[in-house]
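> fold the following.
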Amino acid sequence: MKELICTAIKNRKVIQFTYENQIRIVEPFVIGNHRDTNNLVMRSYRVGGYSKSEREPNWRLFDVSLISNLSITDTNAADFREYYNPQDKHMSRIICNV
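Numbers count the residues shown, from 1 in each chain. I've put the predicted structure just below:
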(Lines give C-alpha, C1' and ligand atoms only; values in the text may rest on other atoms or scores of the structure.)
Protein backbone atom coordinates (compact mmCIF):
# COMPACT_ATOMS: atom_id res chain seq x y z
CA MET A 1 0.00 0.00 0.00
CA LYS A 2 2.79 2.42 0.96
CA GLU A 3 4.51 1.82 -2.38
CA LEU A 4 1.31 2.49 -4.35
CA ILE A 5 0.72 5.74 -2.50
CA CYS A 6 4.34 6.85 -3.04
CA THR A 7 3.99 6.03 -6.74
CA ALA A 8 0.87 8.18 -6.95
CA ILE A 9 2.62 11.02 -5.09
CA LYS A 10 5.69 10.81 -7.33
CA ASN A 11 3.61 10.68 -10.53
CA ARG A 12 1.03 13.23 -9.26
CA LYS A 13 -1.99 10.99 -9.75
CA VAL A 14 -5.36 10.97 -8.00
CA ILE A 15 -6.14 7.83 -5.99
CA GLN A 16 -9.42 6.21 -5.03
CA PHE A 17 -9.98 3.92 -2.07
CA THR A 18 -12.45 2.70 0.52
CA TYR A 19 -12.16 4.18 4.03
CA GLU A 20 -14.73 3.60 6.78
CA ASN A 21 -16.94 1.85 4.19
CA GLN A 22 -17.02 4.94 1.96
CA ILE A 23 -15.34 5.73 -1.36
CA ARG A 24 -12.74 8.51 -1.10
CA ILE A 25 -11.05 10.26 -4.01
CA VAL A 26 -7.97 12.28 -3.15
CA GLU A 27 -4.72 13.81 -4.31
CA PRO A 28 -2.03 12.30 -2.06
CA PHE A 29 0.69 14.72 -0.93
CA VAL A 30 2.54 13.15 2.02
CA ILE A 31 2.86 9.72 3.61
CA GLY A 32 4.68 9.10 6.89
CA ASN A 33 4.43 8.02 10.51
CA HIS A 34 2.02 9.82 12.83
CA ARG A 35 3.88 11.66 15.58
CA ASP A 36 1.63 10.32 18.40
CA THR A 37 0.74 6.78 17.31
CA ASN A 38 3.53 5.97 14.84
CA ASN A 39 0.80 4.63 12.50
CA LEU A 40 1.40 5.06 8.80
CA VAL A 41 -0.74 8.03 7.67
CA MET A 42 -1.37 9.91 4.46
CA ARG A 43 -2.08 13.63 4.10
CA SER A 44 -4.19 14.27 1.04
CA TYR A 45 -6.53 16.75 -0.57
CA ARG A 46 -10.09 15.53 -1.13
CA VAL A 47 -11.33 15.98 -4.68
CA GLY A 48 -14.36 13.67 -4.59
CA GLY A 49 -16.13 10.88 -2.84
CA TYR A 50 -17.51 10.82 0.69
CA SER A 51 -16.63 13.31 3.41
CA LYS A 52 -17.85 13.39 7.01
CA SER A 53 -17.77 17.16 6.74
CA GLU A 54 -17.72 19.54 3.82
CA ARG A 55 -15.29 21.83 5.61
CA GLU A 56 -12.73 23.79 3.63
CA PRO A 57 -9.95 23.41 2.86
CA ASN A 58 -10.31 19.77 1.91
CA TRP A 59 -7.10 18.52 3.57
CA ARG A 60 -7.54 15.12 5.21
CA LEU A 61 -5.33 12.75 7.21
CA PHE A 62 -5.97 9.03 6.67
CA ASP A 63 -4.68 6.06 8.66
CA VAL A 64 -3.26 3.83 5.91
CA SER A 65 -4.13 0.63 7.83
CA LEU A 66 -7.83 1.50 7.37
CA ILE A 67 -7.56 1.95 3.59
CA SER A 68 -8.73 -0.83 1.25
CA ASN A 69 -9.32 -1.22 -2.49
CA LEU A 70 -6.78 1.48 -3.34
CA SER A 71 -6.26 2.26 -7.01
CA ILE A 72 -4.30 4.89 -8.87
CA THR A 73 -6.50 6.68 -11.40
CA ASP A 74 -5.53 8.20 -14.73
CA THR A 75 -6.45 11.66 -13.42
CA ASN A 76 -3.58 14.05 -12.78
CA ALA A 77 -3.33 15.58 -9.32
CA ALA A 78 -2.50 19.23 -8.73
CA ASP A 79 1.16 20.00 -8.12
CA PHE A 80 0.22 22.60 -5.51
CA ARG A 81 -2.67 23.21 -3.13
CA GLU A 82 -3.00 26.16 -0.78
CA TYR A 83 -1.87 25.35 2.78
CA TYR A 84 0.25 22.39 1.67
CA ASN A 85 3.12 21.76 4.09
CA PRO A 86 5.67 19.13 2.98
CA GLN A 87 6.87 18.93 6.61
CA ASP A 88 3.48 17.90 8.00
CA LYS A 89 3.39 18.69 11.74
CA HIS A 90 1.37 15.55 12.46
CA MET A 91 4.15 13.28 11.20
CA SER A 92 7.31 12.34 13.02
CA ARG A 93 8.84 10.81 9.87
CA ILE A 94 8.09 11.62 6.24
CA ILE A 95 8.43 8.66 3.85
CA CYS A 96 7.57 10.45 0.61
CA ASN A 97 6.00 13.76 -0.32
CA VAL A 98 5.46 16.19 -3.17
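> check the secondary structure at the most far-flung residue of the chain relative to its centre for me.
Computed with C-alpha atoms, centre = their mean, the residue of the chain farthest from its C-alpha average is D36, at 18.0 Å. Three-state call for D36 (DSSP: H, G, I helix; E, B strand; the rest coil): coil.
> where does V30 fall, secondary structure wise?
Element membership for V30 (DSSP states H and E) is strand 22-34.
> which neighbours does that strand have in its sheet, and in what orientation?
Sheet partners assigned to strand 22-34 using DSSP bridges are listed as strand 13-19 (antiparallel), strand 40-49 (antiparallel), strand 91-97 (antiparallel).
> go through the next helix or strand after the second one and flag the buried ones.
So the one you mean is strand 40-49. For strand 40-49, the following helix or strand on the C-terminal side (DSSP H and E) is strand 59-63. Judged by neighbour count (16 or more other C-beta atoms under 10 Å), strand 59-63 contains these buried residues: W59, R60, F62. Just so you know, the C-beta spots here come from the backbone N, C-alpha and C atoms, and that holds for glycine as well.
> same question, stretch 1-10
I5, C6, A8, I9.
> next one: the helix or strand hosting the third one to chain centre, how far?
When secondary structure is defined using DSSP H and E, the element that contains A8 is helix 2-11. Chain-centre distance of helix 2-11: 10 Å, with C-alpha atoms, centre = their mean, to the nearest Å.
> begin at 15 from here
Renumbered: residue one is now 15, and that last one reads helix 16-25.
> redo the buried residues of strand 73-77 as CSV? Include pLDDT and distance to Y98.
Converted to CSV, the buried residues of strand 73-77 look like this (pLDDT from 0 to 100; distance: C-beta to C-beta, whole Å):
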residue, pLDDT, distance to Y98
W73, 94, 8
R74, 94, 13
F76, 97, 16
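> pick the one among these closest to E34.
F76 (9.6 Å; C-beta to C-beta).
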